[in-house]
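In: please find the sequence and the predicted model below.
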Amino acid sequence: MTTFSIGALQVDRSGIPVIRGVDLEAKGGEISVLLGSNGAGKTTFLESLSGIIPVRSGFINLDGVELAKLRPGARAKTGLSHVEQGRTVFPAMTTEENLKVALHPDADLKEAYDLFPELLQRRNVEAGMLSGGEQQMVVIARSIVNRPRVILIDEMSSGLAPVIVSRLMRAVRQLADDGIAVVLVEQFAALALAIGNRAYVLRRGQIVYDGDCAALARDPAHLHRLYLGDAAA
Ligand SMILES: Nc1ncnc2c1ncn2[C@@H]1O[C@H](COP(=O)(O)OP(=O)(O)OP(=O)(O)O)[C@@H](O)[C@H]1O
């Protein structure tokens, strides 16, 4: 079973420490939910894992392979996939062309369409013409065509209607049930905790909660205090 293990991670932005000694473990078959208020460092954390920005120190280990010094493409080849914020489809290309962009010659689109069968009837539509929810489906589906072991998902729900968000959450649960280790950064804390296994709360670049999703979901007041820190004490 996949183990994605991050330890003592430190990341700076413009010379300022943003991630300050983070430990996190994500296991295959599980959703690790990462919560935290705006500016806590969630996007910076995911970007440092996939190699978009460099780490200052610490380790990023995927099933015994150390990733922290590898380029983004090499990290992807070891099985790490990153669904970035902002639904970055290629608008002039069709749904299917978008799905094929990152496809290895020996891979196929079956799993992408199994995850989101609704994309089949939209396969020849230009991605720029799709709804926001459909575009998010394309981006998530594209992230699995090369069979990653780990998927990092950043704010997939922003600006989408609740019924679409629920649909996406079900799909993300399906990915974990298929054995992938999912790290889910999400503003809709209650929805994410409902499908997740392990929860982490990040505040000012440090983990202030590491525990069960269900326990945190049962105690919204605790979650609120974790978000706000001393200000809520
Ligand atoms: N390109 C950058 N250069 C310098 N500082 C940055 C840059 N991007 C983000 N930061 C700073 O790093 C900190 C963490 O930002 P980050 O976007 O990682 O937080 P976040 O938890 O993802 O927030 P949000 O929920 O708003 O996306 C913030 O203080 C932010 O101002």
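Out: Received, thanks. Please read these numbers as outputs of a predicted model, since none were measured by experiment.

In: identify the residues contacting residue 153.
Out: Residues near residue 153 by C-beta atoms under 8 Å, 6 or more residues apart in numbering: 83, 140, 172, 182, 183, 184, 185, 186. Backbone N, C-alpha and C define where each C-beta goes, glycine included.

In: for it, helix, strand, or coil?
Out: When classified by DSSP: H, G, I helix; E, B strand; the rest coil, residue 153 comes out as strand.

In: contacting residues around the lowest-mean-pLDDT helix or strand in the chain?
Out: Every helix and strand of the chain was ranked by mean pLDDT, DSSP states H and E. The lowest is helix 220-228, at a mean of 88. Here helix 220-228 makes contact (C-beta under 8 Å, 6+ apart) with 35, 36, 37, 189, 190, 201, 203, 208, 209, 216, 232, 233.

In: dump the helix or strand containing the fifth one to CSV, restricted to CA.
Out: Going back to what we said before, that points to residue 190. Applying DSSP states H and E as the criterion places residue 190 in helix 189-195. In CSV, the C-alpha atoms belonging to helix 189-195 read as follows (Å, rounded to 0.1, in the frame of the first residue of the first chain):
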residue,chain,number,x,y,z
ALA,A,189,-14.6,21.8,5.7
ALA,A,190,-17.7,19.9,6.6
LEU,A,191,-18.0,18.2,3.2
ALA,A,192,-14.4,17.3,3.1
LEU,A,193,-14.4,15.9,6.6
ALA,A,194,-17.5,13.8,5.7
ILE,A,195,-15.6,11.9,3.0
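
In: how far does that helix sit from the chain's center?
Out: 14 Å (C-alpha atoms, centre = their mean, to the nearest Å).

In: and for residue 8, the neighbour number?
Out: Counted with other C-beta atoms under 10 Å, the neighbours of residue 8 add up to 12.

In: cool, residue 183 as well?
Out: Residue 183 has 26 neighbouring residues, counting by other C-beta under 10 Å.

In: look up phi and psi at it.
Out: Residue 183 adopts backbone torsions of phi -110, psi 110, taken as degrees, to the nearest 10.

In: now swap in the one 5 residues further on and tell me
Out: Recorded main-chain torsions at residue 188 are phi -80, psi 80, according to degrees, to the nearest 10.

In: so what's it up against?
Out: 157, 165.

In: who in this structure is up against the ligand?
Out: For the chain, the contact set with the ligand under C-beta under 6 Å from any ligand atom comprises 13, 14, 18, 36, 38, 39, 40, 41, 42, 43, 44.

In: and residue 173, how far from residue 31?
Out: In this view, residue 173 and residue 31 are 7 Å apart by C-beta to C-beta, to the nearest Å.

In: for these two, indicate the residue with more neighbours.
Out: A count of neighbours by other C-beta under 10 Å puts residue 31 above the other of residue 173 and residue 31, at 28 against 17.

In: hey, what's the residue nearest to the spatial centre of the chain bridged with?
Out: Per C-alpha atoms, centre = their mean, the C-alpha nearest to the average position across the chain is that of residue 153, at 1.7 Å. Beta bridges link residue 153 to residue 83, residue 184 when assigned by DSSP bridges.
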